[in-house]
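Colleague: Can you look at this prediction? I've put the sequence above it.
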Amino acid sequence: MFAGILYVRADEKIPVLTVGSEVYSNVTVTAVTATDIFFNYPGGMGNAKLKNLSPDLQKHFNFDPTKSRAAELKQADDTARYHDQLLHQPVAHPPAEDIAPAQPGAAHPAEPMWRNDLPGALAQAQSEGKLVLLDFTGSDWCPWCIKFDHDVLATEKFAAYAQSKLVLVKLDFPHHTPQDDSLKQANEALSKSFNVDGFPTYVLLNSAGKELGRQVGYAGGGPDAFITELDGFGKL
């Protein structure tokens, strides 16, 4: 999860941003938190810890070591609680009459795991050689989001595809479901960064954060059509 957004510097330009041994040119800052700076650059999208910036940039972005440490501790605690909830989430079982007999040798893919932190997803994609799929959604009010979830994202075929090729990130904008303020603000910052103005929007990134393609709105054809579209984006 992201630490709370302190302020957003829309389109602030930095000619050269040095983070340790990494040097980024023509940087556009999209958001700043108590711990991180988020930015776009010609090679894609990135983020860096404020504590790793030069003293002048730390001052420029109002870096406070005490607040940063507190935010990191809260982030670690929120992440631990999130994973604990996943581990203890009850599994819904269909009625016995709806269960089809298992076919010998048939294997069912695990239900896709959706993250909500883009930096962690990019790091995972880099280590596993995968792409990142962003799902900008209104999970409890957007009818086309809910329909696409049912028709595509919740299917076994998409689950098998995602398991081998994707790291999934759900960026939710619910109307009724409670959401942590820091997560809500981080999702809003990302929606601005990716110029999302409607739901659902699906954005495919490479592991460096560069956009490869997007689908805006519901599209028919089920998982086969969506997988074909994603494969096409990945070849661009």
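Modeller: Cool, the structure landed. Since we're looking at a predicted model, the values are computed, not measured. Residues are numbered from 1 along each chain as shown.

Colleague: what about the longest strand in the chain?
Modeller: Taking DSSP state E as the criterion, the chain has its longest strand at strand 22-33.

Colleague: Grab the most central residue of the chain for me.
Modeller: In the chain, the residue lying closest to the centroid (Cα atoms, centre = their mean) is Val169, at 3.2 Å.

Colleague: Tell me the bridge partners for that residue.
Modeller: When assigned by DSSP bridges, Val169 has beta-bridge partners Arg115, Leu134.

Colleague: Check what pLDDT it gets.
Modeller: Note for Val169: predicted pLDDT of 96.

Colleague: Could you verify my assumption that it touches Pro119?
Modeller: No. Using Cβ atoms under 8 Å, Val169 is not in contact with Pro119, being 10.1 Å away. (Glycine included, C-beta is placed from N, CA and C.)

Colleague: Buried residues in the longest strand of the chain, which are they?
Modeller: Across strand 22-33, burial judged by 16 or more other Cβ atoms under 10 Å covers 24, 27-33.

Colleague: any low-confidence regions in this protein?
Modeller: 1-11, 43-46, 74-110, 236 (pLDDT under 70).

Colleague: Tell me, domain by domain, which residues of it belong where.
Modeller: Following automatic domain parsing, one gets these domains for the chain: 5-67, 111-234.

Colleague: just to revisit the earlier point, following the longest strand of the chain, which helix or strand comes up?
Modeller: Later in the chain than strand 22-33, the nearest helix or strand by DSSP states H and E is strand 36-41.

Colleague: Which other helices and strands does that next one contact?
Modeller: strand 12-19, strand 22-33, strand 44-49, helix 181-193 (3 or more Cβ pairs under 8 Å, 6 or more residues apart in numbering; DSSP states H and E).

Colleague: could you pull out the strands for this structure?
Modeller: Per DSSP E, the chain carries strands over the ranges 5-7, 12-19, 22-33, 36-41, 44-49, 114-115, 131-137, 166-172, 201-205, 211-216.

Colleague: I'd like these written out as CSV, with distance to Ala71 added.
Modeller: Output for those, formatted as CSV (distance: least, Cβ to Cβ, whole Å):
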stretch, distance to Ala71
strand 5-7, 9
strand 12-19, 18
strand 22-33, 7
strand 36-41, 9
strand 44-49, 11
strand 114-115, 19
strand 131-137, 23
strand 166-172, 20
strand 201-205, 25
strand 211-216, 28
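
Colleague: among those, which is nearest Gly222?
Modeller: Each of these was scored for nearness to Gly222 using Cβ to Cβ, and the closest is strand 211-216 (13.5 Å).

Colleague: angle of that closest one against strand 36-41?
Modeller: Interaxial angle, strand 211-216 versus strand 36-41 (axes from the mean of the first three to the mean of the last three Cα atoms, to 10 degrees): 100 degrees.
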